[in-house]
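**Q** model this:
(chains A and B)
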Amino acid sequence: MSASFTPNEMMTIAAARALKSTDVCFVGIGAPSAACNLARLTHAPGVTLIYESGTIATKPNVLPLSIGDGELCETALTTVSVPEMFRYWLQGGRITIGFIGGAQIDRFANINTTVVGDYHKPKVRLPGGGGAPEIATNCGEIFITMAMGKRAFVDRLPFITSMGHGPTGVERQKLGVRSQGPTKLITDLCVLEPDAATNEMTVVSIHPGVTREAIQENCGWPIRFSAHVVETPAPTEEELRVLRDIQERTRRAHAA
Amino acid sequence: MAQVLSLHDAVAEHVRDGDTIAMEGFTHLIPFAAGHEIIRQKRKRLTLIRMTPDLIYDQMIGMGCAEKLVFSWGGNPGVGSTHRIRDAIENGWPNALAIEEHSHAGMANAYEAGAANLPFAAFRGYIGVDLPKVNPRIKSITCPYTGEFLATVPAIRPDVGIVHALRADRDGNVLLEGITGCQKEVVLAAKRSIVTVEEIVDDLRTTSYNSIVLPHWTITAIACVPGGAHPSYAQGYYKRDNSFYIAWDKISRERDSFLAWMKDNVLDKDASAFAVHAKKQA
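**A** The predicted model follows:
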């Protein structure tokens, strides 16, 4: 029997399930951070979580608001400088999974977090790339988690902040990037993986109670479904309890 | 040899209109008190360099201190937009703001090249992305040994580097622990440096032989400003004020509420206003 849950809880739980205890994961803030810590507190206790502030193998008791909260340093195995983090650990090829979010994404999992409209005359100025441009190419593979919606899942990105499989799905390989790029895109409605032939992100698993029509309505391109779509297993009582506990601890800590 | 000065005098003496300034601290140890002092002394036409502009540059840009921003991630972490920076970029308020945008890896490499007295840094980055199309300072080089194509960025060599540290000893040696970001690189890359500290003590009380200590002869001026990193934090002294970062979203959203907050909390105050945040953790 499964309890009732929100689409966001389903997204976080499905994202957490993608991680293994043996992974060394570079954690983006927000949705990825919740998912990575849920994984650590449930089925993947050995997972190594790394934040770009330099904290390695950190085990926060509450979710950090920023990537550099003191909680991350206090619970880390070690903390290194930011140049060392990007040079030795990320560029050095030590990280198996990069877990990131974004403001906009296209069908080949390229991401925009920089600008809507013209770069020099922006309609909306977004925060920018931060660590993402190099996370996207230097980690073994990339998991992305984002809620679906027509403004987020767009046919054409105004700006590529970090590369997925490239504008037409082939550029990543052509540029000689040897890491795998985005292998999973976990949303609030479904899970997508790249098509083996084209690299187009394709629905492989639909969350309980979600229709194909709802997925298409929240996507800005004609979305493809795999020939073997399965239903995402509903959240377990344990997954929901651990997630809600950490979110409640976090809410109380940040309101203090 | 570091000179111990009041924060007012350190800024008056070492920060000039038109300077290129890097104020670092990666979430931890952000030198807010120094930012407020620069605002009070009405410095203009600054080029402000910082990986994450954070609220400190939101405040300085909103108060008209800057003509250019060099950065790699410009939001309120975990909360949303830095509204004053957006207003400057999107609407030119209170003045037009030029931007030079990088990735974190690009800026971290550029600081390290500055500290190492090199003209540029080479690294494996900016592959397949649009930033090099809008930032002509991002270039590339072919490795002379392997033929690999690598991105390059020019070294950052600011006129003034400003950081906040945990403490200094009587000789002016400075201790940094916890998340240390790029602070060491900024001080070593800068022509002049100002370090604000929580306290000046007889013994630095380093917790490990490998703690970061900047020798006094690498620093231009030290000012003791307890609480000077608030609403950022100082490991072992006080925690990040996450509730203030959340509250800033509303304060900074409109020009009037922003200006009213700056008048009450910055223009009508001095550096001693930070002391209330310096209460030590148990």
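**Q** pLDDT score for the residue of chain B at minimum distance from chain A?
**A** At 2.5 Å from chain A, B:T27 is the closest residue in chain B, using Cβ to the nearest Cβ. (Each C-beta comes from the backbone N, C-alpha and C, glycine too.) pLDDT for B:T27: 96.
**Q** so how far is A:F86 from A:T113?
**A** 18 Å (Cβ to Cβ, to the nearest Å).
**Q** sorry, that was for B:I85
**A** 23 Å.
**Q** before we move on, what about B:R84?
**A** Using Cβ to Cβ, we find B:R84 at a distance of 28 Å from A:F86.
**Q** Could you tell me which ranges of the chain sit under the pLDDT cut-off?
**A** Unless you meant another one, I'm taking chain A. Applying pLDDT under 70 to chain A flags residues A:1-3, A:256.
**Q** right idea, wrong chain: chain B
**A** Across chain B, the ranges flagged by pLDDT under 70 are B:280-282.
**Q** Show me it divided up by domain.
**A** As assigned by automatic domain parsing, chain B contains the domains B:3-102+B:157-273, B:105-154.
**Q** Tell me which of the ones you listed sits nearest to A:I142.
**A** Between A:I142 and the domains of chain B, the shortest separation by Cβ to Cβ is 12.6 Å, and it involves domain B:105-154.
**Q** And the strands in the stretch 151-282 of chain B?
**A** B:160-169, B:174-176, B:192-201, B:212-214, B:221-224 (DSSP state E, counting those that start in this stretch).
**Q** So which of those is the most surrounded?
**A** Mean neighbour count (mean count of other Cβ atoms under 10 Å in any protein chain shown) peaks for strand B:160-169 among these, with a mean of 26.
**Q** Show me which residues of the stretch 1-150 of chain B are close to chain A?
**A** For the stretch 1-150 of chain B, the residues in contact with chain A (Cβ under 8 Å from any Cβ of the partner chain) are B:26-28, B:51-52, B:71-75, B:77-79, B:81-82, B:85-86, B:89-90, B:101, B:103-105, B:108-109, B:111-112, B:123-131, B:134.
**Q** Those, buried ones only, as a PyMOL selection?
**A** Typed into PyMOL, the line below selects the buried ones among those, using 16 or more other Cβ atoms under 10 Å in any protein chain shown:
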select buried, chain B and resi 26+27+28+51+52+71+72+73+74+75+77+78+79+81+82+85+86+89+101+103+104+105+108+109+111+112+123+124+125+126+127+128+129+130+131+134
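**Q** residues touching the residue in the stretch 151-256 of chain A that chain B sits nearest to, list them.
**A** Closest contact between the stretch 151-256 of chain A and chain B, by Cβ to the nearest Cβ, is at A:M163 (3.4 Å). The neighbours of A:M163, taking Cβ atoms under 8 Å, 6 or more residues apart in numbering or on different chains as the test, are A:N110, A:P133, A:A136, A:T137, A:E171, A:R172, A:V177, A:G181, B:I127, B:G128, B:V129.
**Q** Do you have the strands of the stretch 151-256 of chain A handy? List them.
**A** Using DSSP E, counting those that start in this stretch, strands in the stretch 151-256 of chain A cover A:182-186, A:190-194, A:201-206, A:224-231.
**Q** Relative to A:T145, which of those is closest?
**A** Ranking those by proximity to A:T145 (Cβ to Cβ) places strand A:182-186 first, at 4.5 Å.
**Q** Just the residues contacting that closest one, thanks.
**A** By Cβ under 8 Å, 6+ apart, strand A:182-186 touches A:11, A:14-15, A:18, A:35, A:105, A:109, A:141-146, A:164-165, A:191-194, A:201.
**Q** can I assume A:F99 sits in a helix?
**A** No - read with DSSP: H, G, I helix; E, B strand; the rest coil, A:F99 is strand and lies in no helix.
**Q** For it, grab the count of nearby residues.
**A** Residues within reach of A:F99, counting by other Cβ atoms under 10 Å in any protein chain shown, total 27.
**Q** quick one on the thing from earlier: will you turn the contacts of A:M163 into CSV that also has distance to A:R40?
**A** Putting the contacts of A:M163 into CSV (distance: Cβ to Cβ, whole Å) gives the following:
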residue, distance to A:R40
A:N110, 29
A:P133, 26
A:A136, 23
A:T137, 25
A:E171, 34
A:R172, 29
A:V177, 29
A:G181, 24
B:I127, 30
B:G128, 31
B:V129, 30
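**Q** In helices, which of those appear?
**A** Of those, the ones assigned to helices by DSSP state H are A:P133, A:A136, A:T137, A:E171, A:R172.
**Q** that older thread, now the residue of the stretch 151-256 of chain A closest to chain B: closest residue in space, sequence neighbours ignored.
**A** Closest residue to A:M163 apart from its sequence neighbours, by Cβ to Cβ, 6 or more residues apart in numbering or on different chains: B:G128 at 3.4 Å.
**Q** ok, now A:F99?
**A** A:F99's closest residue in space is A:P32 (Cβ to Cβ, 6+ apart), at 4.0 Å.
**Q** Next secondary structure element downstream of the helix or strand in which that neighbour is found?
**A** A:P32 is part of helix A:31-41, with elements assigned from DSSP states H and E. With elements assigned by DSSP H and E, the helix or strand that comes after helix A:31-41 is strand A:48-50.
**Q** Which elements pack onto that next one?
**A** If you count contacts as 3 or more Cβ pairs under 8 Å, 6 or more residues apart in numbering or on different chains; DSSP states H and E, strand A:48-50 packs onto strand A:24-27, helix A:31-41.
**Q** of all the ones you listed, which lies closest to B:L204?
**A** strand A:24-27 (32.4 Å).
**Q** strands paired with that closest one, and their directions?
**A** strand A:48-50 (parallel), strand A:97-100 (parallel) (DSSP bridges).
**Q** Export the longest one to PDB, keeping only CA atoms.
**A** Pointing back at strand A:97-100 there. Below are the C-alpha coordinates for strand A:97-100, written out as PDB (Å, rounded to 0.1, in the frame of the first residue of the first chain):
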ATOM      1  CA  ILE A  97      27.800  11.500 -11.500                       C
ATOM      2  CA  GLY A  98      27.000  15.200 -11.900                       C
ATOM      3  CA  PHE A  99      23.500  15.900 -10.600                       C
ATOM      4  CA  ILE A 100      22.100  19.200 -11.900                       C
END
